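In: Pasted the sequence and its predicted model underneath.
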Amino acid sequence: MSTTALKTPAEHSTIWDSLTDKSKSRKNLVATGEDFGKLSERLVSKFNRVEQIIPRNKLLALIGVVILAHILGVTGFINALHQPSIVKPKKNEVIVEFVKPEVIPPPVIEPPKPPPPPPPQVKRADPPPQAAKPTALRTAPADQHIAPNDIVVQENTTATKTSGPVVADPAPEPAPPPPVVVKEEPLVEAKGGVGHLNNPDPEYPDFAADQGWEGTVVLRVKVLPNGKPADVKVKKSSGHGVLDDAAVAAAKRWAFTPAKRGNTPVEGWATFPVEFKLQ
């Protein structure tokens, strides 16, 4: 094989582009027998010219690429002719069937059988008790020699004579039981007042002190079992209403000793004096 001067890379790329552009332009054409003949003549002439410029191995690879491109173009064109342009969608039919559920009847539960009756029990009757044999009564032998006048019944001449039946006298009624005497325990009265259980003195009213009023108030207080006052009353006034009111107000805040019946606290009354005196 004759050798020629090597081409520059730019010239090689120009030849490669011209070949590939022609192959790309022919992809969309319909190939005939004459076209393949002309194409083969052109390839042979170009092969002879290009063989001097491109090495043989690269040239063979280039020819293979061109042939493969033509084959792919023809195959794609033929497939495009056979395939329809509009593909009708397939209808997917959905069949709905209503299945009636199978109703399973509940199982029949038989009632439990009653237990067999117990065997009858035969009770043996007890033998009747034997009556006790009467003992022979021994009496003294009768006297055979009794005179008619030996037996005398005295006649009751004092009883009243009546033709009705004899009625016995009624039994006397029993005497009522003696009354039960409940011994009541002694009652201890309630206690209270100024100083009792640390009770403070009542407040001396300023107006009464300015006027120089003095006096003694006697109070009567109803004391509950817990020692607290329930009601406060003025039994005897001091002569001044201001002093009486001060004594009542103080007694409502005091503590008292409740009344006791034995050892049990009970409700009771306490009476005590409250003295107002200027020092």
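Out: Perfect, thanks for sending it.
In: Run a quick neighbour tally on Ala250.
Out: Residues contacting Ala250 under the criterion other CB atoms under 10 Å number 19. All C-beta atoms are positioned from the backbone trio N, CA, C, and that covers glycine.
In: do you know how far it is from Val221?
Out: 11 Å (CB to CB, to the nearest Å).
In: Now do the domain split for the protein, please.
Out: Per automatic domain parsing, the structural domains of the chain span 9-82, 187-276.
In: Packed most tightly, which of the ones you listed would that be?
Out: domain 187-276 (a mean of 16; mean count of other CB atoms under 10 Å).
In: where do the strands sit along the chain?
Out: 187-188, 215-223, 229-236, 259-261, 264-266, 268-276 (DSSP state E).
In: quick one: contacts for His240?
Out: 208, 213, 215 (CB atoms under 8 Å, 6 or more residues apart in numbering).
In: so the second one touches Lys277, yeah?
Out: No - no contact is recorded between Trp213 and Lys277 when judged using CB atoms under 8 Å, the distance being 10.4 Å.
In: Touching both of the two, which residues are there?
Out: Between them, Trp213 and Lys277 share no contacting residue, judged by CB under 8 Å, 6+ apart.
In: Name all residues that make contact with Lys277.
Out: Glu214.
In: Phe98 now?
Out: Contacts of Phe98 (CB under 8 Å, 6+ apart): none.
In: so what pLDDT did it get?
Out: Listed pLDDT for Phe98 reads 71.
In: Poorly predicted segments of the stretch 51-200 of the chain, please.
Out: Counting by pLDDT under 70, the stretch 51-200 of the chain shows low-confidence ranges at 51-55, 82-89, 122-123, 125, 127, 130-156, 159, 161-162, 164, 166-168.
In: can you count the residues close to Lys91?
Out: The burial count for Lys91: 5, using other CB under 10 Å.
In: a markdown table for the domains of the chain, including distance to Pro177?
Out: Output for those, formatted as a markdown table (distance: least, CB to CB, whole Å):
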| stretch | distance to Pro177 |
| --- | --- |
| domain 9-82 | 138 |
| domain 187-276 | 27 |
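In: how about those domains, which one is nearest Pro114?
Out: domain 187-276 (67.1 Å; CB to CB).
In: Quick one: end-to-end length of the closest one, please.
Out: Distance across domain 187-276, first residue to last, is 31 Å (CA to CA, to the nearest Å).
In: separation between Pro111 and Glu185?
Out: Distance from Pro111 to Glu185, by CB to CB: 73 Å.
In: More neighbours: these two, which one.
Out: Glu185 (11 against 5).
In: Just confirm that one contacts Val266, I think it does.
Out: No - contact criterion CB under 8 Å: Glu185 and Val266 do not qualify, at 10.2 Å.
In: before we move on, the earlier item: mind putting the strands of the chain in TSV, distance to Pro165 included?
Out: Compiled in TSV, those are given as follows (distance: least, CB to CB, whole Å):
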stretch	distance to Pro165
strand 187-188	63
strand 215-223	71
strand 229-236	73
strand 259-261	62
strand 264-266	64
strand 268-276	68
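In: To Lys90, which of these lies closest?
Out: Of the strands of the chain, nearest to Lys90 by CB to CB is strand 229-236, at 105.1 Å.
In: What pairs with that closest one, parallel or antiparallel?
Out: strand 215-223 (antiparallel) (DSSP bridges).
In: Just the angle for the partner strand relative to strand 268-276, thanks.
Out: Between strand 215-223 and strand 268-276, the angle comes out at 160 degrees (axes from the mean of the first three to the mean of the last three CA atoms, to 10 degrees).
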